[in-house]
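Asker: Provided below for reference: sequence and predicted model.
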Amino acid sequence: MSDARCYALVPAAGVGSRAGQPLPKQYVTVAGRPLMAHTLAALAEVPGLHAVAVVLAPDDAHFAAALPGFTGLVLRTGGATRAASVAAGLEGLRQAGAREHDWVLVHDAARCLVRPGWVQALIAACRDDAVGGLLAQPLADTLKQADAGRSRATVDRSRFWLAQTPQMFRWGLLQSALAQVGDAVTDEASAIEALGHAPLLVPCSMENFKVTRPEDFDLAERLLRSRA
Ligand SMILES: Nc1ccn([C@@H]2O[C@H](COP(=O)(O)OP(=O)(O)OP(=O)(O)O)[C@@H](O)[C@H]2O)c(=O)n1
Ligand SMILES: C[C@](O)(CO)[C@H](O)COP(=O)(O)O
């Protein structure tokens, strides 16, 4: 439908247990700002987004001080898993006016290196697609199957991609997929695949990585500063 809007939905209710920081990783200062401020600033520069919504933990005590100028929708309905937070965010978008056929671009708060141009490329590739899709990176290295820290086999990498975000699907399809599949999936595309659909893979840079482990903060800092 041609009047479909695009919403950005940013799950930010995680605790960052692998990041080794004293506070949730989305609030750690990177290149002079809370990590998530970079993420939201990039999304704010994407032309044509109808609204940006963030999903926080119900007891989040950091957002107001970290992002005092944020003008989007703030939903304090995060769940115990990323999928639960996204499902809660979809409900918040529905209450704010999102319709079944509107597009939702789910983007990790922790992917603070995202560039507006990459999001625009995803939108351009998916907006006339029957399913939707995601930014992703084809594997560049030889892929090993491991057992107890030893390489047991080399896997044909030609069909393997690393999933990134944003992941862009129609509100109705995504809501229905998550409701059927439950909380175990680690991304939106998994839920869509479980319904038998094949999301479009839109190639993106390894720079769109997710800050996950302690060493990732320094890499993010250097990349962000090099862009200034
Ligand atoms: N219950 C959760 C878990 C994760 N997320 C969000 O989903 C994104 C990607 O998840 P991940 O990198 O796994 O973040 P954390 O769950 O915070 O990290 P960890 O798994 O190390 O605890 C992050 O922006 C995170 O805040 C969320 O909204 N709700
Ligand atoms: C959605 C995601 O960023 C795709 O790579 C990722 O799966 C989320 O992180 P998690 O650690 O799997 O929750």
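Answerer: Yep, that arrived. Ligands and ions are numbered 1, 2, ... in the order given.
Asker: and the strand ranked longest in the chain, is it in reach of ligand 2?
Answerer: Secondary structure of the chain per DSSP state E: the longest strand is strand 161-170. Yes - applying C-beta under 6 Å from any ligand atom, one finds strand 161-170 in contact with ligand 2 at Ala163, Gln164, Thr165. Where you see a C-beta, it was placed from the backbone N, CA and C, and this is true even at glycine.
Asker: Can you lay out those residues as CSV showing neighbour count?
Answerer: Formatted as CSV, these follow (neighbours: other C-beta atoms under 10 Å):
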residue, neighbour count
Ala163, 17
Gln164, 26
Thr165, 27
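Asker: Tell me which residues touch Leu56, please.
Answerer: Applying C-beta atoms under 8 Å, 6 or more residues apart in numbering, one finds that Leu56 lies in contact with Ala12, Ala13, Phe63, Val74, Leu75, Arg76, Gly78.
Asker: got CSV for these, with distance to Leu35 too?
Answerer: Shown next, in CSV, are those (distance: C-beta to C-beta, whole Å):
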residue, distance to Leu35
Ala12, 10
Ala13, 14
Phe63, 12
Val74, 17
Leu75, 19
Arg76, 19
Gly78, 17
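Asker: May I see the ChimeraX selection of the buried members of these?
Answerer: Only the buried entries of those go into this ChimeraX selection, using 16 or more other C-beta atoms under 10 Å:
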select :12,13,63,74,75,78
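Asker: which one of the contacts of Leu56 is nearest ligand 2?
Answerer: Nearest to ligand 2 among the contacts of Leu56 is Ala13, at 11.5 Å by C-beta to the nearest ligand atom.
Asker: Quick check: chain neighbours aside, which residue is closest to the closest one?
Answerer: Residue nearest to Ala13 in three dimensions, not counting chain neighbours: Gly78, with 2.4 Å by C-beta to C-beta, 6 or more residues apart in numbering.
Asker: residues in contact with the closest residue to Gln21 other than its chain neighbours?
Answerer: Spatial nearest neighbour of Gln21, excluding adjacent residues (C-beta to C-beta, 6+ apart): Val28 at 5.1 Å. Counting by C-beta under 8 Å, 6+ apart, Val28 makes contact with Gly16, Ala19, Gln21, Pro34, Leu35, Phe217.
Asker: Could you do Leu49 as well?
Answerer: By C-beta under 8 Å, 6+ apart, the neighbours of Leu49 are Cys6, Tyr7, Ala8, Leu43, Leu105.
Asker: In helices, which of those residues appear?
Answerer: Leu43 (DSSP state H).
Asker: so Leu90 is in which element?
Answerer: Assessed by DSSP states H and E, Leu90 sits inside helix 82-95.
Asker: swap in Glu221?
Answerer: helix 214-227.
Asker: what does that helix rub up against?
Answerer: Taking C-beta under 8 Å, 6+ apart as the rule, helix 214-227 contacts 19-21, 25, 28, 30-31, 35, 38, 112-113, 207, 209-211.
Asker: Just give the nearest non-adjacent residue to the residue lying farthest from the centre of the chain, would you?
Answerer: Distance from the C-alpha centroid of the chain, by C-alpha atoms, centre = their mean, peaks at Arg152 (32.3 Å). Of all residues not flanking Arg152 in the chain, Gln145 sits nearest, at 5.4 Å (C-beta to C-beta, 6+ apart).
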